[in-house]
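K.L.:
With the sequence up front, the predicted model follows.
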Amino acid sequence: MIKHSDGSDNFDAPYGIDGKPSTSSTSDTQHNPIQDRQPDKDIEQLAINVIRGFAMDAPRKANSGHPGTAMALAPLAYVLWTKVMKHDPSAPTWFDRDRFILSAGHASILLYSMLYLCGYGLTLDDLKSFRQWGSKTPGHPEVGVTPGIEVTTGPLGQGFANGVGMAIAESRLRAHFGPEICDHRIFVVCSDGDLEEGISHEAASLAGHLKLGRLIYIYDDNHITIDGPTELAYTDDVAGRFRAYGWHVEDLGEQANNIAALQAGLENAIKVDERPSMLILRSHIGWPSPHLTDTSAAHGEPFSVKEIAETKKLLGLPEEEFWVSDQVLEHYSNAVSQNQSLRRAWEQRVDKLTAAGLLDNQVFRACIEAKGLNGWESNLPSFALADPPIEVATRKALGECVNATYQSIPSLMVGAADLIGNTGTQLNESLPDAISFQSKSPKGRQLHYGIREHAMGGIMNGMALHKGVLPLGGTFFIFSDYMRGAIRLAALSKAHVIYSFTHDSIGLGEDGPTHQPIEHLASLRAMPGLCTIRPADAAETAQAWAVAVERDGPVALILSRQPLPVLSQTTRKAQQVKQGAYILADFNDFEHSAGVAQIILIGTGSEVHLCLEAEKLLRKEKIAVRIVSMPSWELFLEQDIEYQHSVLPKNIPTLAVEAASSMGWERFALKSVSIDRFGASAPGKVNMEKFGFTPQNVANTARELLT
């Protein structure tokens, strides 16, 4: 209930239905304010109030959801989708459309209402199925589930970072292809929760530095959290904070119901092209509910049937659930149909530029699909064999692969969280556009994220889901912890991002246990939809890069700091990396053997060559060993069962060797040489020896398994 300065709690809205100060009281609630307006204002207000009706009805029917924010922001959504944004529901993936991100994803019914009303293919039945099994209207927006959803938001702050990624993609593509092809904006609605989460600080700082002028955020300043008023824990000077980041800031004040003021604020921000914009909008959650406006109950609880009826009466809506008139639907259809001419004009420009030879359609298509040009794999480097073998850290091998294929993957943008030189993500400056992406050099394809791993993960998702960019981002594997929320959303979204996670084990050495990943491989392997690849050497790294570029969805490359020998076996068979696991060497031709291996050693990454060395020791005892390189569990499990059994027959004992947690290896092996404690600060070779990653210990463990 609204409390007034005089302490009263009668229903006097802080501003009227039309955005003007209210003079009504509870005695006026029989009055239908819509009836007294001019026809154009009448239909606009009705179009807005229908959104508020859906915002109450859908959570009530689901007995779950967040009605209040959607009710308060209904006018903003109306203005954005009918008066400001460039979008065409008849072509939801039109490349040059404006992007809209609801970072406050809990208010998803607001976005679903707009998609229904604007004609994106949702139906009233979809709204009635809000938060139900198999529906197109899940609890938080999910890209790929609902037409018109640009990113998967839910964890607060992620959508904020996604918007920065989309703006980076737009800027880079506009610089490369020209404004005739790429000329749009990214609109993001964020909440106090988004701004409290640390990821927003990192992302906003980078956006300000890069002067991303096509980026417009609207901060819903409603002063309410689940626990109560935001003032319980949050009294930031938001305007001062964003000005300090270098953003354009405009405080719109108490204008959440004022259509003209909202439109003017947005259009002013559009004119600011040299830096991102933050519009601060004071709204009242749950407005105009007579008893729940400005309460935490309006945030996360469905309204009662009685409260909905009273609120609909104030709004001039019938009590009928999910009510909408043909007149309202026609109004929305007419409002958005004008964008079809913009879309058709864009298509004509593309055709004209292509025909004139001014647009390379193959390059443009490769960018949109975030794949390489035809035959790009032929540029992959090969790594020389020698006796003794040359040694190359797989992180450095990745760098060679990236630079060798860079020009044949036009969508590629490469960067790291202040670790470009350490993670194989340093571009050769002699390559075209291999310069730092900055406001003065937007063609640059080398992206410096700064020490901002949290933001880097969310920004990469935004870049990938924008389309036109394939982001490769690097950091030490241990710091994937900072990115985990974004990695999970990448997997959920099937976002085509590539991670270079280096310094992958205790073998990194003296930095010690704070920097030595132990449980991280098991953690990422447990994540559905994420492909992890830990190559054994440079040859496998080249094929892992090929998989990462061609695969749909996120790929994590797990790479070594320390040099690893380039193996003759992988050089001959590395193309089998795409199968996840393969027989690297099969020593089954001894006189005593029955033509079969007696034991299988499975290695990943830096431990594959240990398995080969251990085999030599076991061979002296006439123990026949099969060596299997298993760079990727996920790729292996995608193979048919016959192939899996041909590599790992069930009747042969199996030993896994990996310098990481043993968790999960019981799926493939009877036993593992692994590490289930934190590492130690010592030279890498000393660590590997002390923790048992030696040929002798592997051979001894294999022998024990056979007894």
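P.N.:
Nice, I can see it.
K.L.:
Near the closest residue to residue 135 other than its chain neighbours, how many other residues are there?
P.N.:
Among residues not flanking residue 135 along the chain, residue 129 sits closest, at 3.7 Å (CB to CB, 6 or more residues apart in numbering). All C-beta spots, glycine's among them, are computed from the backbone N, C-alpha and C. Other residues lying near residue 129 total 19 when counted by other CB atoms under 10 Å.
K.L.:
so what's residue 51 up against?
P.N.:
Contacts for residue 51 (CB atoms under 8 Å, 6 or more residues apart in numbering) come out as 70, 71, 74, 77, 78, 110, 113, 114, 117.
K.L.:
Contacts for the helix or strand hosting the fourth one, please.
P.N.:
By that I understand residue 77. Assessed by DSSP states H and E, residue 77 sits inside helix 74-79. Outside helix 74-79, the residues within contact range by CB under 8 Å, 6+ apart are 19, 44, 47-49, 51-52, 55, 110-111, 113-114, 189, 218, 256-259, 262-263, 266, 281.
K.L.:
The residue nearest to residue 135 contacts residue 139, correct?
P.N.:
No. Using CB atoms under 8 Å, residue 129 makes no contact with residue 139, being 11.8 Å away.
K.L.:
if we can go back for a sec, out of the contacts of residue 51, give me the two with the largest separation.
P.N.:
71 and 117 (15.2 Å; CB to CB).
K.L.:
wait, is residue 156 part of a helix?
P.N.:
No. Looking at residue 156 with DSSP: H, G, I helix; E, B strand; the rest coil, it is coil, so not inside a helix.
K.L.:
wait, doesn't it sit right on residue 225?
P.N.:
No. Between residue 156 and residue 225 there is no contact under CB under 8 Å: 10.6 Å.
K.L.:
Give me the common contacts of these two.
P.N.:
residue 193.
K.L.:
Tell me which entries of the contacts of helix 74-79 lie within helices.
P.N.:
44, 47-49, 51-52, 55, 110-111, 113-114, 259, 262-263, 266 (DSSP state H).
K.L.:
which residue ranges form the strands in the stretch 51-200 of the chain?
P.N.:
For the stretch 51-200 of the chain, applying DSSP state E, counting those that start in this stretch gives strands covering 99-102, 186-191.
K.L.:
Could I get those strands in CSV, plus columns for distance to residue 458?
P.N.:
CSV is the format used below for those (distance: least, CB to CB, whole Å):
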stretch, distance to residue 458
strand 99-102, 11
strand 186-191, 12
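K.L.:
Let's test this: what are the backbone torsions at the residue lying closest to residue 277 once chain neighbours are set aside?
P.N.:
Leaving aside its sequence neighbours, residue 277 sits nearest to residue 269 (CB to CB, 6+ apart; 3.8 Å). The phi/psi pair for residue 269 (degrees, to the nearest 10) reads phi -70, psi -40.
K.L.:
Around residue 269, count how many other residues there are.
P.N.:
A count of nearby residues for residue 269, using other CB under 10 Å, gives 24.
K.L.:
try the one 10 residues further on
P.N.:
Burial of residue 279, expressed as a neighbour count using other CB under 10 Å, amounts to 24.
K.L.:
Quick check: beta-bridge partners of it?
P.N.:
residue 218, residue 250 (DSSP bridges).
K.L.:
looking at it, it is touching residue 220, isn't it?
P.N.:
No. Counting by CB under 8 Å, residue 279 does not reach residue 220; the two are 10.0 Å apart.
K.L.:
Against residue 208, how distant is residue 52?
P.N.:
From residue 52 over to residue 208 the distance is 35 Å, taken as CB to CB, to the nearest Å.
K.L.:
higher neighbour count, these two?
P.N.:
residue 52 (27 against 21).
K.L.:
Number of residues surrounding the closest residue to residue 156 other than its chain neighbours?
P.N.:
Spatial nearest neighbour of residue 156, chain neighbours left out: residue 193 (4.0 Å); criterion: CB to CB, 6+ apart. Around residue 193 there are 22 other residues, counting by other CB under 10 Å.
K.L.:
Nice, that's everything, thank you.
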